[in-house]
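Asks: sequence unknown, structure follows:
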């Protein structure tokens, strides 16, 4: 037989494009359209419906950036259409390639009932099936003219990302606004041919199945009269029945399709627009659930559910019904799909606390999976947190984006720093926006790395990022792929149903130990420094507010601010979303974030001040309140008392030029450029700085990645570097030096100080940053030989190698830390601690002259200046605080990291305040002291082993205890393991390395 494959395939494409798809709507009449433009921000639905619109014609331009326009469409169904299916086609000016990234709409009936959302891949509204003819049609569309930020030429700087700079130029041109007859037979034929054509393209040319499909398609096209498509579509479908009914082979890969609409809580749109995106998507999905009995839809992010409940009650009612029916599934059990690298220990825990509690309170649903398809890598402390929240599974697909190394598994157990293992699945379809295309389904089956031992994978199915969700076309394709020869077998299932099957068939999968590092988007650890500082400071202010409010409630009857803390926590958690905290959103998002963090800081400082005054009582003595989990200057952790400071610091001139700071513990030398050339640990008789090198060295790199400006830093940035050594002035102060430098259009002032009795060199940096596409680093070349170093993560720390033996290590050229980085030789180490930075790099070289020793350089990432999506990223004044801690063991690094983030407060009062809770071992770190969320007055204490070893300790409550219970993160009693060993008010502890524990103390007396 001659090979006519290409001829038939080309014929199929043209017939679909030019005859079949246009014939889905064979008849149409125009609708009358009128519009009212809201003058500013979106208005309530009732106001939009009541507004008086003005006539507008198809083809008219509409929609200033970020505006809202209310369209009223009216018409009458022609009498001649009686007995047929009729739909409204409402095209606001869509580009079908940009679902979720441009204008959108939500359709309402005149009474305010939501119908469904409109987006580029979902432009229809069902009027009747069948209609009687003569029906009056009146619909209202709340249309959002969100501008296109990520266009066909991506990553170009634009002012459209902030309402304040976007201007008023209309963004869209009104397109088709019609009533039309919907020919379901033609629509079904289109899907038959799409499924078969897409499957055919994925099969080997030598496959008999491919040729069977080709011949069946050819016969169907022969049966189709192109001059009468609607009259002959049925007989064309008959020619395809046999080839569509051939069952999948027994060994076919099994795909659990989960209806999905990944909705970024903010990204290329502000938070307020996400509220509306969620309403549009949930309206669409509840409508689709009504129409498609096999379909199942899952939605994560409790915050987004809360938005629907609080802002769109008319949509919420439909959602609640669908949840009760078991087909609209709460997923993930987190407040938002957060970043997991940067959030602190307690914040990561509270993501699960507030997310799971919302679903439990609203629906009685307990999530057992963490659902994070788009998060930029996963910290090694996360498995323990997932388990402590009562969950046991994790889903993500983002690691498939890694540039260098291919991850070896799709289903595996992920082991965290404490040994906890979580059953984890990476969907081999490699997208969270699966559309049921044949290429996607074939890729999932081919790509699946666990063949021979497992055969199930999951496919999140629906348009996402900007929402939209699953379409009726996707559902129809999935039905055809349910049991089709040559294809993986597709079935709609909930996440829990998938995980249960996957774990049952693969009970002993391989294990991956340590972080799940994404070899991409590394610059998100640095972009938008103010957002990151706001997060870090909010986390620590919340710790203080809970600690002092709980102590004051127990000791002085202070009214514990339950509602305020709950609201503030949820706001902080929202801003940890994986495009806000990472700094990859538009300018509007980060402008609002800065103001939000300022407001929260004011409110939290008010709570702290009031609680501390209640504890201090009336008096004239100055009390130092120590919020850290370690004692400080004679004051116990979590207590208040009189500060004790011993020793003094001297400042002298250095004979070779520069200055010397000396407090008897450290001797710090700077040269005449203000650079640190020596930090000498006097007690250990040990130099910290590598010979011939200078520390506290600011280094400037060009920073223009190949793609994803705010997200990425590419390794070639290191090829060019400028050491910022020129100095404008060095001014000596009392125990400190102030050094000022200028470079480019920017200016930096640093204050180096050495306090009496301390073994840390404190560095306060103020940068007036006016650069673009530059990367600013702060370097510390250390005389330390270390094959690995420690970075703090949630509830512990994680080691990374300093070498680049393999491509896996080399790819980690920028990594995340929380409060410290620590490296050591046996018996002596150095820590670099910070108050608000996350990105860093660590490299090592061997000196070729002198002592032939090893220089290990720690560089802190301070600032970037990408121009997309925010063209003014990080312009302005920034303040950072770092400290170099010579002679530090890991315990010192932990302590100093907490200290720099939790400065003491001074309050006038009557006398010492004993800690509400105390622990007798520094290795056991208390991360939270609070009252129980249920308002019972019980005291909840969360702590972990922080040094990476086993620990025995005694935790003592500073109040009378009636009982103590070990709980999960949601403060529910644990059923497994022995209970805490208590003797009166003290509990004996034995902890594994990095073990996390939550205890709930019932008070013998309660003033709350």
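Replies: Good, I have the coordinates. Since this is a predicted model, take the numbers as computed values, not measurements.
Asks: low-scoring stretches of the protein, by residue?
Replies: 977, 1006-1008 (pLDDT under 70).
Asks: make it 90
Replies: 1-3, 645-646, 849-851, 975-982, 1005-1008 (pLDDT under 90).
Asks: from residue 570, how far off is the one residue sitting closest to the centre of the chain?
Replies: Nearest to the geometric centre of the chain sits residue 578, at 2.2 Å (CA atoms, centre = their mean). To residue 570, residue 578 is 17 Å away according to CB to CB, to the nearest Å. Quick note: C-beta positions are derived from backbone N, CA and C, even for glycine.
Asks: do residue 764 as well
Replies: 32 Å.
Asks: repeat for residue 33
Replies: Residue 33 is 40 Å from residue 570, by CB to CB.
Asks: next: residue 532.
Replies: In terms of CB to CB, residue 532 sits 19 Å off from residue 570.
Asks: could you check how far the residue sitting furthest away from the middle of the chain is from residue 215?
Replies: Within the chain, the residue lying farthest from the chain centre (CA atoms, centre = their mean) is residue 1, at 55.7 Å. In this view, residue 1 and residue 215 are 10 Å apart by CB to CB.
Asks: skip the chain neighbours and tell me the closest residue to residue 510.
Replies: Spatial nearest neighbour of residue 510, chain neighbours left out: residue 412 (5.0 Å); criterion: CB to CB, 6 or more residues apart in numbering.
Asks: verify the contact between the residue nearest to the centre of the chain and residue 342 for me.
Replies: No - assessed by CB atoms under 8 Å, residue 578 is found out of contact with residue 342, at 9.8 Å.
Asks: spell out the residue ranges of the helices in the stretch 151-300 of the chain.
Replies: Per DSSP state H, counting those that start in this stretch, the stretch 151-300 of the chain carries helices over the ranges 184-202, 208-223, 229-238, 241-245, 271-291.
Asks: need the contact list for residue 570.
Replies: Residue 570 sits next to 303, 335, 354 when contact means CB atoms under 8 Å, 6 or more residues apart in numbering.
Asks: how does it look with 10 Å?
Replies: Counting by CB atoms under 10 Å, 6 or more residues apart in numbering, residue 570 touches 302, 303, 306, 335, 336, 350, 354, 355, 358.
Asks: residue 749 too?
Replies: Contacts of residue 749 by CB under 10 Å, 6+ apart are 728-729, 731, 738-742, 764-768, 879.
Asks: returning to that earlier point: where does the residue nearest to residue 510 land in three-state SS?
Replies: The three-state label given to residue 412 by DSSP: H, G, I helix; E, B strand; the rest coil is strand.
Asks: quick check: the two most widely separated of the contacts of residue 570?
Replies: Greatest spatial distance in the contacts of residue 570: 306 and 350, 14.9 Å, computed using CB to CB.
Asks: neighbour count for the two, which is higher?
Replies: Neighbour comparison, residue 306 and residue 350: the larger count goes to residue 350, with 26 against 19 (by other CB atoms under 10 Å).
Asks: the more buried one: what secondary structure?
Replies: Quick answer, by three-state DSSP: residue 350 is helix.
Asks: how about it, nearest residue that isn't a chain neighbour?
Replies: Leaving aside its sequence neighbours, residue 350 is closest to residue 569 (5.5 Å, by CB to CB, 6+ apart).
Asks: the one you found: how many residues sit nearby?
Replies: Count around residue 569 with other CB under 10 Å applied: 24.
Asks: surely it is in a strand?
Replies: No - applying three-state DSSP, one finds residue 569 to be helix, outside a strand.
Asks: report the contact partners of it.
Replies: Residue 569 touches 335, 346-347, 350-351, 353-354, 538-539, 542, 545-546, 600, 933, counting by CB under 10 Å, 6+ apart.
Asks: show me the contacts for the closest residue to residue 413 other than its chain neighbours.
Replies: Nearest residue to residue 413, sequence neighbours excluded (CB to CB, 6+ apart): residue 421, at 4.3 Å. Going by CB under 10 Å, 6+ apart, residue 421 touches 383, 384, 387, 392, 412, 413, 414, 415, 509, 511, 512, 513.
Asks: check the gap between residue 421 and residue 414 for me.
Replies: The value you get for residue 421 to residue 414, if CB to CB is used, is 7 Å.
Asks: so which of the contacts of residue 749 sit within strands?
Replies: Judged by DSSP state E, these include 729, 731, 738-742, 764-768, 879 as members of strands.
Asks: would you say residue 590 is within a helix?
Replies: Yes - under three-state DSSP, residue 590 sits within a helix.
Asks: just checking, it touches residue 870?
Replies: Yes - Residue 590 is within contact range of residue 870, at 6.3 Å (criterion: CB atoms under 10 Å).
Asks: which residues are in contact with each of these two?
Replies: Common neighbours of residue 590 and residue 870 (CB under 10 Å, 6+ apart) are 161, 162, 527, 528, 583, 584, 710.
Asks: just name the closest of those to residue 786, please.
Replies: residue 527 (28.7 Å).
Asks: now that closest one: phi and psi?
Replies: phi -60, psi 140 (degrees, to the nearest 10).
Asks: likewise for residue 912?
Replies: phi -60, psi 140.
Asks: number of nearby residues for the residue lying closest to it once chain neighbours are set aside?
Replies: Using CB to CB, 6+ apart and skipping residues adjacent in sequence, the residue nearest residue 912 is residue 641, 4.3 Å away. When neighbours are defined as other CB under 10 Å, residue 641 has 19 of them.
Asks: same check, this time on residue 168
Replies: 9.
Asks: surely it is in contact with residue 67?
Replies: Yes - using CB under 10 Å, residue 168 is in contact with residue 67, at 8.3 Å.
Asks: which neighbours do residue 421 and residue 414 have in common?
Replies: 383, 509, 511, 512, 513.
Asks: in which helix or strand would I find the fourth one?
Replies: Element membership of residue 512 [criterion: DSSP states H and E] is strand 511-513.
Asks: what is the subsequent helix or strand relative to that strand?
Replies: helix 529-556.
Asks: how about that next one, which residues are buried there?
Replies: Neighbour counts over helix 529-556 (16 or more other CB atoms under 10 Å) mark 529-555 as buried.
Asks: stretch 320-336 now?
Replies: 320, 322-323, 327-336.
Asks: could you do stretch 399-410 as well?
Replies: 399, 400, 402, 409, 410.
Asks: the last one is in contact with residue 445, isn't it?
Replies: What that stands for is residue 410. No - with contact defined as CB under 10 Å, residue 410 does not count as touching residue 445 (11.4 Å).
Asks: shared neighbours, those two?
Replies: 428, 429, 451, 457.
Asks: out of those, which end up buried?
Replies: Members of these classed as buried by 16+ other CB under 10 Å are 428, 429, 457.
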